[in-house]
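[1] Mind looking at a prediction? Sequence and model below.
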Amino acid sequence: MEQARARDAALPQPPASARVPEQAGSPARPGFAQPRIPAQERVVEGARGEHTHSEPPAPGTAPRTVQRHSVRGQILEALRAALVDGELIPGEVYSAPVLGERFGVSATPVREAMQQLATEGAIEVVPNRGFRVTVRSARELADLAEVRSLLEVPVMLRLARTVPAARWTALHPLAEATAAAAATGDRAAYAETDRAFHRAVLALSGNHQLVVIADDLHRRSQWPLTSAPVMRRADLVADAAEHMALLEALVAQDLKVVQSLVREHFTGAAA
């Protein structure tokens, strides 16, 4: 136990060019990068597969001390980013011990993070093997878009009638942040800023439960399909532009445009 804690507390800093090696016998997937994690706790090497063997961290990397309680949360965010980027492949099985080796931690915080993803519907537990990334259908994405519209369109219309223009103007920096992330083509960064913008808009309703539920639906809608490529930079830029257009319509209290933009925004995300 003491050895596991000591290992969790020392996380190596990998080279920027590190990439996940493909598992023997698996088809090549160019660009499959290691799951990202905040700067203070980077992944050494990602690992995918049904095997439970492990390899030592890359030699020559300097250990970095982090707080134990932050490990699970940082790994969870790294795995969520990998889902959005399409680096965790639908249908593939991932082993917590193997991923733990690549993160430089024990399997426990990785397993805890993946259990959380299982409750969110992103992955499913495979007894004695690990966790399989859920295979999703286009119908599931369309259903999510419909539910989001049913929840958020009436709220947006009510807010358009009651919220002062200055409150919408104050949200411009969040809309600009989504545009900046989209311009880089960084899908994980865009996903985070996109949700932050929508949370801020819905928070003006004063309904915390609505914000929580809508954010969960939003997160689920960001996981890519097996049969469709992840969003291109041009798609991200177009999606981000709708945020500023929505704010302008809200300031003008143009209810028809607000309703149209919100519905099209959700439908486009599900396309």
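    Now that the structure is in, tell me what you want to look at.

[2] List the contacts of stretch 236-252.
    Defining contact as CB atoms under 8 Å, 6 or more residues apart in numbering, one finds that stretch 236-252 is touched by 156, 159-160, 163, 165, 168-169, 171-172, 174-176, 178-179, 181-183, 185, 187, 190, 194, 197, 201, 231, 257-258, 261-262, 264-265, 268-269. C-beta here means a position set from N, CA and C on the backbone, and glycine is covered the same way.

[3] In helices, which of those residues fall?
    Taking DSSP state H as the definition of helices, these contribute 156, 159-160, 165, 168-169, 172, 174-176, 178-179, 181-183, 187, 190, 194, 197, 201, 257-258, 261-262, 264-265, 268-269.

[4] Drop anything exposed from the contacts of stretch 236-252.
    With burial judged by 16 or more other CB atoms under 10 Å, the buried subset of the contacts of stretch 236-252 is 156, 159-160, 163, 168, 171, 174-175, 178-179, 181-182, 187, 190, 194, 197, 201, 231, 257-258, 261-262, 265, 269.

[5] On the pLDDT front, check Arg195 for me.
    Per-residue confidence (pLDDT) for Arg195: 94.

[6] Does it touch Asp216 like I think?
    No. Counting by CB atoms under 8 Å, Arg195 does not reach Asp216; the two are 10.0 Å apart.

[7] Those two: which is more packed in?
    Ranked by neighbour count (other CB atoms under 10 Å), Arg195 and Asp216 place Arg195 first, with 17 against 13.

[8] What about Gly206? Give its phi and psi, please.
    With angles defined as degrees, to the nearest 10, Gly206 sits at phi 80, psi 10.

[9] Can you report how many residues neighbour Glu87?
    Neighbourhood size, Glu87 [other CB under 10 Å]: 24.

[10] what secondary structure does it sit in?
    Counting by DSSP: H, G, I helix; E, B strand; the rest coil, the backbone at Glu87 sits in coil.

[11] I'd like to know how far it sits from Leu79.
    Distance from Glu87 to Leu79, counting by CB to CB, to the nearest Å: 9 Å.

[12] Show me the domain layout of the protein.
    2-133, 138-270 (automatic domain parsing).

[13] Where among these is average confidence lowest?
    The minimum mean pLDDT among these belongs to domain 2-133 (a mean of 63).

[14] mind listing the strands for the stretch 1-150 of the chain?
    Secondary structure of the stretch 1-150 of the chain, counting by DSSP state E, counting those that start in this stretch: strands at 10-12, 63-65, 93-94, 123-126, 130-133.
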